[in-house]
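A.B. asks: All I have is the shape, not the residue letters:
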């Protein structure tokens, strides 16, 4: 670290300066007596001035030049150490926050896929009356499900193994008239993984427009706002997600993180505990380890 290197340089300057100060002090005791030597010991600036006054007479020139240079260097190093230390502390804090976000924010895709593939398509199929028309729509349904299944095969845990390919598959599903809330939500997840946050929000907006009771879409949009440091907007989405699905562990965990970022540790710990009660204890374990919750 830069601040450590600068601190070591300052320490070296102080050590050498101390040795030079002692050399000048010894010369003062020899040539000026104990009284002035004690004054020089108590007030280093007096010894410094005396050294320059007597440098030619007592052959102290090299010592005083080096002492002066080290004093200037020490004065310059102090603000440099403070500045670099502050910047490294901010960098560490940012890194820690990013690690927290990446490790704990939870998204949802599986439930949205179930919504995307079943209800609306079946309603349309039930209206078919002519054999030819029914056959055509069955082919369309199969094509749509194929793109959805391919995309879902890339989902692992809380993210896509290959977000670019998932994005392509979901775009094809949507362009094949699978304009369901689930398809937009899942494409939003791919955009999120690619850090295209505004595009992700746009897809979540469309998903919510198509299904106002889509708890997962609110949760996922809240995650995206969280990544953009829009914690109050994230909190609103997590609230809505939990209003629609009161036992939603991921939303409790994510809302806890939003409360944490807003310096409301009491509510954060409450949500971490609620998430843990629903089977996801990642947030509570982290909070207890770091002294945030007891």
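C.D. replies: Okay, I see it. The shown structure was predicted, so the numbers you read here are calculated from the model rather than taken from an experiment.
A.B. asks: So which elements touch the helix or strand hosting residue 205?
C.D. replies: Applying DSSP states H and E as the criterion places residue 205 in helix 197-210. Under the contact definition 3 or more C-beta pairs under 8 Å, 6 or more residues apart in numbering; DSSP states H and E, helix 197-210 sits against helix 181-193, helix 215-227. Where C-beta positions appear, they are placed from N, C-alpha and C, glycine not excepted.
A.B. asks: can we see that at 10 Å?
C.D. replies: Helices and strands touching helix 197-210, by 3 or more C-beta pairs under 10 Å, 6 or more residues apart in numbering; DSSP states H and E, are helix 110-117, helix 163-175, helix 181-193, helix 215-227, helix 231-244.
A.B. asks: That one relative to helix 231-244, how many degrees between them?
C.D. replies: 30 degrees (axes from the mean of the first three to the mean of the last three C-alpha atoms, to 10 degrees).
A.B. asks: chain center to helix 197-210: distance?
C.D. replies: 23 Å (C-alpha atoms, centre = their mean, to the nearest Å).
A.B. asks: re earlier: among the helices and strands packed on helix 197-210, which is nearest residue 39?
C.D. replies: Across these, residue 39 has its closest neighbour in helix 231-244 (60.4 Å, C-beta to C-beta).
A.B. asks: shaky segments in the stretch 51-200 of the chain?
C.D. replies: For the stretch 51-200 of the chain, the stretches with pLDDT under 70 are 87-106, 108-145, 177-179.
A.B. asks: at 50 instead, please
C.D. replies: Scanning the stretch 51-200 of the chain for pLDDT under 50 picks out 91-103, 110-144.
A.B. asks: Where do the strands of it begin and end?
C.D. replies: Listed in chain order, the strands of the stretch 51-200 of the chain (DSSP state E, counting those that start in this stretch) span residues 155-156, 159-160.
A.B. asks: CSV please, covering those strands and showing mean neighbour count.
C.D. replies: As requested, those are exported to CSV (neighbours: other C-beta atoms under 10 Å):
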stretch, mean neighbour count
strand 155-156, 14
strand 159-160, 22
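A.B. asks: wait, which of the ones you listed is closest to residue 71?
C.D. replies: Shortest separation from residue 71 across the strands of the stretch 51-200 of the chain is recorded for strand 159-160, at 56.2 Å, computed as C-beta to C-beta.
A.B. asks: just checking, what packs against that closest one?
C.D. replies: By 3+ C-beta pairs under 10 Å, 6+ apart, strand 159-160 packs against helix 163-175, helix 181-193.
A.B. asks: what's the angle between the last one and helix 163-175?
C.D. replies: Translated: helix 181-193. Using the same axes, to 10 degrees: helix 181-193 against helix 163-175 is 150 degrees.
A.B. asks: got the angle for helix 181-193 vs helix 215-227?
C.D. replies: Counting by the same axes, to 10 degrees, helix 181-193 lies at 20 degrees to helix 215-227.
A.B. asks: And helix 181-193, how far out from the chain middle?
C.D. replies: 22 Å.
A.B. asks: Neighbours of the nearest residue in space to residue 193 that is not next to it in sequence, how many?
C.D. replies: Leaving aside its sequence neighbours, residue 193 sits nearest to residue 163 (C-beta to C-beta, 6 or more residues apart in numbering; 3.8 Å). Residues lying near residue 163 (other C-beta atoms under 10 Å) number 18.
A.B. asks: OK, contacts around residue 163?
C.D. replies: Residue 163 makes contacts with 154, 189-196, as judged by C-beta atoms under 10 Å, 6 or more residues apart in numbering.
A.B. asks: Of the helices and strands packed on strand 159-160, which stretch is the most buried?
C.D. replies: Among those, helix 181-193 has the highest mean neighbour count (mean count of other C-beta atoms under 10 Å), at a mean of 27.
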